[in-house]
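kindly return the folded structure for what I paste below:
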Amino acid sequence: MDYLLQVKLGALFGLLLLTLLCGFIPARLPWFRDTQGTERHRTVLSLISCFAGGVFLSACLLDIIPDYLSDISAELDARGLETSFPLPEFIIAAGFFTVLILERMVLSFKEARGARQGERAPLISDNHNGYGHGHGHGHGADVESSGHHVHVDFQAHSSFRSFMLFLSLSLHSVFEGLAIGLQNEESKVLEICVAIMVHKSIIVFSLSLKLVQSAVPPAWVAAYIGVFAVMSPLGIAIGVGVTEAQLPAGALIQAVLEGLAAGTFVYITFLEILPHELNTPGRQLLKVLFILLGFTVMAALGFWG
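The predicted model follows:
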């Protein structure tokens with residue numbers, strides 16, 4: 001086994017272990033799962049979530065989209081494909097609308113099923129407080145149990161959106177691993193690997209936090225984190241295989257998939273993460289500050305990398 005392959009295998013196992021470690025911190029610690037604690041506890045959780053929102057915003061605008069545009073432009077130029085139609089941006093839009101259509105289909109199915117169940121429900125509900133004020137598919141008893149009239153957006157952290165967030169980040173992680181697996185110099189492998197380790201440790205922590213907030217069952221959170229941790233090592237393995245096989249269309253296929261993943265991430269970032277953090281009342285300026293802080297940290301890491 002040559003030294004370059006040994007370095008790539010070391011990077012593979014290093015990324016796997018670090019991702020698992022950082023991902024299971026929010027998933028396993030009860031402090032992150034407790035949403036019924038003191039006001040201070042809920043405020044700290046909200047600010048951490050805002051920081052994670054800034055991380056995802058930075059990953060979207062400064063990492064995923066620029067990487068994709070660079071890759072797709074290089075592939076189109078290499079094949080001599082010139083068109084006045086904005087094809088790279090159209091692929092991003094296709095990913096965006098794919099998630100939008102799928103989510104609307106899922107929600108329409110749930111609404112239709114809820115309507116059928118409502119036809120069999122009693123005319124007078126067994127609600128002690130006599131009022132409710134919610135949106136989506138939450139359980140009224142959970143909201144009304146506190147005895148207060150609250151306004152809750154039950155769709156703010158839907159399991160479907162959390163799954164799409166996980167899927168888009170997983171695809172991007174595969175492409176990050178490909179960047180390592182396709183390198184031909186040991187120093188370049190180590191340089192990219194260190195940058196990805198720092199970047200991915202923050203990303204997986206934020207992803208795990210979002211999954212916990214979406215009330216995803218603990219077993220599924222563990223499965224998500226486990227699969228996500230495998231994605232970059234999988235990309236490294238694929239990259240090693242591609243360097244051996246020399247597939248002519250492999251780079252173009254990768255670029256198109258990367259564009260679809262970028263569109264997915266745009267949808268999740270701007271229609272799920274940021275609206276949820278900014279539409280909840282209280283400490284608005286402080287929330288914006290923590291979103292900006294998360295964005296700045298990731299931007300600084302990108303500049304340093």
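
CA only for contacts and neighbour counts going forward, please
Noted.

can you pull out the strands in the chain?
Counting by DSSP state E, the segments of the chain that form strands are 134-135, 152-153.

quick check: mean pLDDT across the last one?
The pLDDT scores in strand 152-153 average 36.

also the first one?
Averaged over strand 134-135, pLDDT sits at 40.

not counting sequence-adjacent ones, nearest residue to the spatially most central residue of the chain?
Centroid-nearest residue in the chain, with C-alpha atoms, centre = their mean: Leu165, separated by 3.4 Å. Take Leu165 and drop its neighbours on the chain: the residue closest to it by C-alpha to C-alpha, 6 or more residues apart in numbering is Ile268, 6.2 Å away.

what does Leu18 give?
Ser201 (6.7 Å).

how about Ile48?
Closest residue in space to Ile48, ignoring its immediate chain neighbours: Phe290 at 7.6 Å, by C-alpha to C-alpha, 6+ apart.

how many residues are close by that neighbour?
21 (other C-alpha atoms under 10 Å).

and Leu107, how many neighbours does it have?
Each residue near Leu107 was counted by other C-alpha under 10 Å, and the total is 16.

how about Leu207?
27.

list the contacts of it.
Residues in contact with Leu207 (C-alpha atoms under 8 Å, 6 or more residues apart in numbering) are Gly23, Leu165, Phe166.

again, but for Gly54
Phe290, Ile291, Leu292, Leu293, Gly294, Phe295, Thr296.

quick check: the fifth one touching Ser49?
If I follow you right, that is Gly294. No: contact criterion C-alpha atoms under 8 Å: Gly294 and Ser49 do not qualify, at 9.7 Å.

distance check, the residue nearest to the centre of the chain against Ser58.
With the distance defined as C-alpha to C-alpha, to the nearest Å, Leu165 ends up 15 Å from Ser58.

swap in Gly294?
Using C-alpha to C-alpha, one gets 8 Å for the distance from Gly294 to Ser58.

check what pLDDT Gly282 gets.
pLDDT for Gly282: 77.

which helix in the protein has the most residues?
What stands out as the longest helix in the chain, according to DSSP state H, is helix 87-119.

hang on, the earlier thing: closest to Met197 among the contacts of Leu207?
Of all these, Gly23 has the smallest distance to Met197: 12.5 Å, by C-alpha to C-alpha.

number of residues surrounding the closest one?
A count of neighbours around Gly23, defined by other C-alpha under 10 Å, yields 28.

how about it, what does it touch?
Residues near Gly23 by C-alpha under 8 Å, 6+ apart: Ser201, Val204, Phe205, Leu207, Ser208, Ile225.

neighbours around the second one, how many?
The one in question is Val204. 26.

same deal with Val194?
15.

cool, and Val198?
By other C-alpha under 10 Å, the residues close to Val198 number 16.

so how far is Tyr68 from it?
Distance from Val198 to Tyr68, by C-alpha to C-alpha: 20 Å.

what does Phe109 give?
33 Å.

and those two? Which one has more around it.
Tyr68 (25 against 12).

tell me the contacts of the more buried one?
Here Tyr68 is in contact with Ala255, Glu258, Gly259, Ala262 (C-alpha under 8 Å, 6+ apart).

which one is the second one nearest to, not counting chain neighbours?
Nearest in space to Glu258, with sequence neighbours left out and distances taken as C-alpha to C-alpha, 6+ apart, is Tyr68 at 5.8 Å.

just to revisit the earlier point, show me which of the contacts of Gly23 is closest to Leu102.
Of all these, Leu102 sits closest to Leu207, with 20.9 Å by C-alpha to C-alpha.

okay, now the residue nearest to Leu18: neighbour count?
Ser201: 18 neighbours (other C-alpha under 10 Å).

is it true that it touches Phe24?
No: the pair Ser201 / Phe24 is not scored as a contact, 10.9 Å apart, by C-alpha under 8 Å.

for burial, what's the neighbour tally of the nearest residue to Ala59 once chain neighbours are set aside?
Take Ala59 and drop its neighbours on the chain: the residue closest to it by C-alpha to C-alpha, 6+ apart is Met298, 7.3 Å away. Met298: 23 surrounding residues under other C-alpha under 10 Å.

please determine how far Met298 is located from Thr43.
23 Å.

least trustworthy helix or strand in this protein by mean pLDDT?
None of the helices or strands of the chain scores lower by mean pLDDT, DSSP states H and E than strand 152-153, at a mean of 36.

related to what we said a few turns ago, just the ones in helices from the contacts of Tyr68, please.
Per DSSP H, the contacts of Tyr68 map to helices at Ala255, Glu258, Gly259, Ala262.

between those, which is nearest Leu62?
Distances from Leu62 to the ones in helices among the contacts of Tyr68, taken by C-alpha to C-alpha, are shortest for Ala262, at 11.4 Å.
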